[in-house]
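Asks: just coords:
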């Protein structure tokens with residue numbers, strides 16, 4: 001497994017697409033810093049909000065692109081046959097690749113997160129806003145939530161890559177999964193509240209959403225940005241439950257991926 005992890009690590013740094021998304025993330029951090037000038041009072045809060053959104057977006061696409069390049073493209077080009085010729089199991093190949101993706105996305109999260117942290121510190125100069133932002137543990141917990149979000153998406157893309165024969169399918173499926181996962185929580189809350197008195201609409205879609213929530217995880221539950229931005233701490237039990245669900249869901253996807261990949265025939 002170690003050799004596949006290390007090769008994934010090296011390949012990730014050579015990927016132009018990943019470098020492009022990282023540079024985009026860097027540009028978004030710079031934009032977040034200057035976006036504070038549009039606010040008269042909550043300068044640091046605006047910087048964090050814009051920066052968190054950009055960082056979350058980039059981490060998801062970095063993870064999707066890495067899985068597609070390291071697994072999906074190798075299968076499509078049949079170069080995976082050479083990797084599997086080593087005296088190692090298929091499970092070690094797939095897990096080594098996936099853990100390499102996690103390590104690379106974690107590195108991107110730490111670097112971009114540190115730059116955003118510095119941008120938030122510098123935003124507004126010496127101006128102290130009324131509600132101070134929390135740039136200690138709450139900030140890094142929010143960053144961990146974004147990385148975990150991207151990891152769940154990566155696990156789904158890994159499963160699609162294990163069965164797909166077209167390299168673009170994992171990318172398209174991963175983007176769709178990320179969008180649905182982030183939207184399902186707010187949509188469920190909206191429908192449960194009565195859909196702005198649209199009872200007929202709620203009655204039609206509530207059964208479908210009730211099934212969907214058991215198929216697609218609520219990735220919005222991993223967004224804990226209100227704590228560093230506004231000092232609104234999430235319930236500890238809620239955070240623990242969200243992390244546990246994400247880990248179990250990702251673990252299940254990885255297990256299925258290993259099982260499917262182990263039985264796939266490569267011509």
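Replies: That came through, no problem. Since the structure is predicted, the reported quantities are computational estimates derived from the model, not experimental observations. Numbering: from 1, shown residues only.

Asks: Please make it C-alpha for all contacts and neighbour counts, starting now.
Replies: Will do.

Asks: Now residue 92. Nearest residue, chain neighbours left out?
Replies: residue 1 (4.5 Å; C-alpha to C-alpha, 6 or more residues apart in numbering).

Asks: Run through the residues that contact that neighbour.
Replies: By C-alpha atoms under 8 Å, 6 or more residues apart in numbering, the contact list for residue 1 reads 88, 92-93, 95-96.

Asks: which of the residues you listed are buried?
Replies: Buried by 16 or more other C-alpha atoms under 10 Å: 92-93, 95-96, out of the contacts of residue 1.

Asks: Restricted to helices, list these.
Replies: 92-93, 95-96 (DSSP state H).

Asks: quick one: which of those residues is nearest residue 243?
Replies: residue 95 (20.5 Å; C-alpha to C-alpha).

Asks: Give me the nearest residue to that closest one, chain neighbours excluded.
Replies: Excluding the flanking residues, the one nearest residue 95 by C-alpha to C-alpha, 6+ apart is residue 1, at 6.9 Å.

Asks: helix or strand for residue 233, which one?
Replies: Using DSSP states H and E, residue 233 falls within no helix or strand.

Asks: returning to that earlier point: which one among the ones in helices among the buried ones among the contacts of residue 1 gets closest to residue 264?
Replies: residue 93 (13.6 Å).

Asks: Can you give me the end-to-end span of stretch 79-89?
Replies: 16 Å (C-alpha to C-alpha, to the nearest Å).

Asks: Please tell me how far residue 254 sits from residue 17.
Replies: 24 Å.

Asks: Give me the more crowded residue out of these two.
Replies: residue 254 (23 against 16; other C-alpha atoms under 10 Å).

Asks: Where does residue 224 sit, in terms of helix or strand?
Replies: Here residue 224 is assigned to no helix or strand, by DSSP H and E.

Asks: ugh, wrong one, I meant residue 62
Replies: Counting by DSSP H and E, residue 62 is found in helix 43-67.

Asks: right, and residue 165 touches residue 74 too?
Replies: No: using C-alpha atoms under 8 Å, residue 165 is not in contact with residue 74, being 10.5 Å away.

Asks: Once you drop chain neighbours, what's closest to residue 50?
Replies: Leaving out its chain neighbours, the residue that sits closest to residue 50 by C-alpha to C-alpha, 6+ apart is residue 32, at 5.2 Å.

Asks: From residue 121, how far out is that neighbour?
Replies: Separation of residue 32 from residue 121 (C-alpha to C-alpha) stands at 12 Å.

Asks: Which parts of the stretch 1-150 of the chain are helices?
Replies: Secondary structure of the stretch 1-150 of the chain, counting by DSSP state H, counting those that start in this stretch: helices at 2-14, 16-35, 43-67, 73-76, 80-83, 90-122, 137-163.

Asks: circling back to that earlier point, neighbours of the residue nearest to residue 50, how many?
Replies: Residue 32: 26 neighbours (other C-alpha under 10 Å).

Asks: try residue 260
Replies: Neighbours of residue 260 using other C-alpha under 10 Å come to 13.

Asks: From residue 99, how far out is it?
Replies: 18 Å.

Asks: Please apply the same query to residue 81.
Replies: For residue 81, the distance to residue 99 - C-alpha to C-alpha - is 20 Å.

Asks: what do you get for residue 10?
Replies: From residue 10 to residue 99 the distance is 13 Å (C-alpha to C-alpha).

Asks: When the two are compared, which one has more neighbours?
Replies: The neighbour comparison of residue 10 against residue 99 (other C-alpha under 10 Å) goes to residue 99, with 19 against 13.

Asks: Now that one: closest residue in space that isn't a chain neighbour?
Replies: residue 5 (6.4 Å).

Asks: how many other residues sit next to that neighbour?
Replies: Counted with other C-alpha under 10 Å, the neighbours of residue 5 add up to 22.
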